[in-house]
Structure formats: C-alpha cells, structure tokens
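> I'd like to go over a predicted model; first the sequence, then the structure.
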Amino acid sequence: AIDDPLIDLGWKRQVFNDSETEWVRREVRVYCPPSVNVLFVRIGIQGTGQVMFDEASLTVEDPLPAKAPAVGENLLAEPGFENAGNAWEYSVPAYRGMRIAVDSTTAHTGRYSVRCESGAGEYVIARSGPCQVICNRALQGKRVRLTAWCRTDSLKGTAYTKIYCHTMRGMFQVPQGHQFSRTTDWTRTTLEMDVPKDAYSVWVWCVWDAPVPGTVWW
C-alpha cells in the first residue's frame with residue numbers, strides 16, 4: 001500500500017562472485033536500532049550456477065561502537081566500481097532488457113564504471129540504479145555530500161543522484177540533484193543533505209528512471 005509503514009533501519013549484505021571455492025565462512029553484522037520489530041535473513045544466489053550453504057546461525061552480539069567519520073572521508077565502498085561492483089546494491093525492476101553491469105570499456109577515471117540500460121520504454125517508470133546503504137548512527141546530525149560523475153547516451157529519460165535518510169519517524173529526503181538526459185559527456189554532480197538526528201540508515205543512489213531507451217554510466 002502507499003502508506004506501508006515498513007522502514008528499514010539496518011541493512012548489511014555481503015556479495016561474492018568467486019566462480020569456485022571450498023567452504024568459506026561468510027559473516028555480516030548489523031546494529032538493530034530501537035523500534036525494530038522484524039528481521040529478515042536471506043542467503044541465496046542471483047544468476048546461474050550452484051551454491052551450497054551449511055551451518056547457518058543468527059546470534060545476538062554486543063553492539064560495536066559507532067565510528068564517527070572524519071570530515072571529507074569517503075563513506076562509499078568501492079566508489080569507482082573497480083572490484084566488480086560488489087559493494088553496491090543494484091535496483092533492477094523486472095522489465096525486459098533491464099541491465100546494470102560493471103563496464104570495462106568506459107570510465108571517467110580508473111578502469112571501470114557502472115553501465116545502466118534497459119529495453120523499450122514502459123508506461124510505469126521505476127527508480128533504478130546502483131545504490132549503497134550506510135548504517136552508521138554516528139552520522140546523526142551530520143551534513144553529507146554526495147558527489148558522482150555521470151555520462152549518458154541517447155537517454156530518453158532522466159538520471160540523477162538522490163539521498164534518503166531512514167528514521168523511526170519515516171523516510172526523509174531532499175530534492176534530486178542535477179538531471180541528465182539525451183547525450184552528455186562525463187559531468188560532475190553534487191547533492192547535500194542534513195542527516196536527521198534520529199536517522200539510522202542513509203541510502204545513497206545513482207538513479208535513472210527506467211525502463212526507457214538509452215544508456216547511463218556512473
């Protein structure tokens with residue numbers, strides 16, 4: 001429903017794409033803020049191949065202290081998509097031709113970027129693209145700045161940056177950043193937001209509204 005009260009206040013996922021391994025211990029941990037009343041635990045596979053899991057456990061641990069970031073510190077993991085993009089979440093609505101993948105043929109700096117594209121346009125447009133979730137209660141009351149470089153080719157829609165902050169009172173946001181469409185060369189875009197004093201997760205998005213014809217690189 002439009003008024004669905006579900007708000008994620010904690011989020012952690014570990015992605016690995018080794019083609020073949022022996023048994024490897026994988027572990028994530030997340031801080032559960034006050035008011036949390038549902039936990040989702042998932043293990044699985046995306047794509048083709050085979051994976052086996054065994055001896056799974058969910059335990060309660062003492063919370064680690066929140067680490068206050070230094071001014072100017074980059075809070076994004078793998079900012080240049082140089083490690084297969086595994087540190088990023090990819091929102092890919094279930095439309096034909098939707099694709100987000102690391103691209104080794106185009107980059108602003110380094111060797112890689114992330115390429116977003118879809119098939120033909122549809123009547124219902126969905127927010128799509130790479131994002132990261134930063135769960136650090138030490139960000140409460142801080143001001144954050146999102147900076148990214150964007151390139152587009154024949155895009156018949158819009159691409160932009162976005163920040164969402166999730167609190168016990170709901171989700172807060174600021175208007176989207178610079179909008180890109182049609183064909184543009186690499187362009188720097190910046191978006192700033194004051195994190196609410198009761199925020200527990202900050203979602204950082206490089207968005208394109210899809211499906212629409214055209215290609216976006218971040």
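Good, I have the coordinates. Numbers count the residues shown, from 1 in each chain.
> ok, Arg25 to Ile43 distance?
With distances taken as Cβ to Cβ, to the nearest Å, Arg25 is found 13 Å from Ile43. From N, CA and C alone the C-beta is placed, and that goes for glycine too.
> do Asp62 as well
24 Å.
> quick one: which of the two has more around it?
Ile43 (9 against 5; other Cβ atoms under 10 Å).
> all strands for this structure, in order.
In the chain, strands defined by DSSP state E lie at 89-91, 99-103, 113-117, 126-134, 143-167, 170-173, 180-194, 199-210, 215-217, listed in chain order.
> Direction-wise, compare the second one with strand 113-117 and give the angle.
Orientation note: strand 99-103 sits at an angle of 150 degrees relative to strand 113-117 (axes from the mean of the first three to the mean of the last three Cα atoms, to 10 degrees).
> Against which helices or strands is strand 99-103 packed?
Strand 99-103 is packed against strand 113-117, strand 126-134, with contacts defined by 3 or more Cβ pairs under 8 Å, 6 or more residues apart in numbering; DSSP states H and E.
> Ok, the fourth one next?
In terms of contact count using 3+ Cβ pairs under 8 Å, 6+ apart, strand 126-134 is assigned the packing partners strand 89-91, strand 99-103, strand 113-117, strand 199-210.
> same check, this time on the longest one
The criterion is 3+ Cβ pairs under 8 Å, 6+ apart, and the helices and strands that strand 143-167 contacts are strand 170-173, strand 180-194, strand 199-210, strand 215-217.
> Give me whichever of the helices and strands packed on strand 99-103 is most buried.
Counting by mean count of other Cβ atoms under 10 Å, strand 113-117 has the highest mean neighbour count of the helices and strands packed on strand 99-103, with a mean of 23.
> quick revisit: ok, which of the helices and strands packed on strand 99-103 comes nearest Trp217?
Closest approach to Trp217 among the helices and strands packed on strand 99-103 (Cβ to Cβ): strand 113-117, 4.7 Å.
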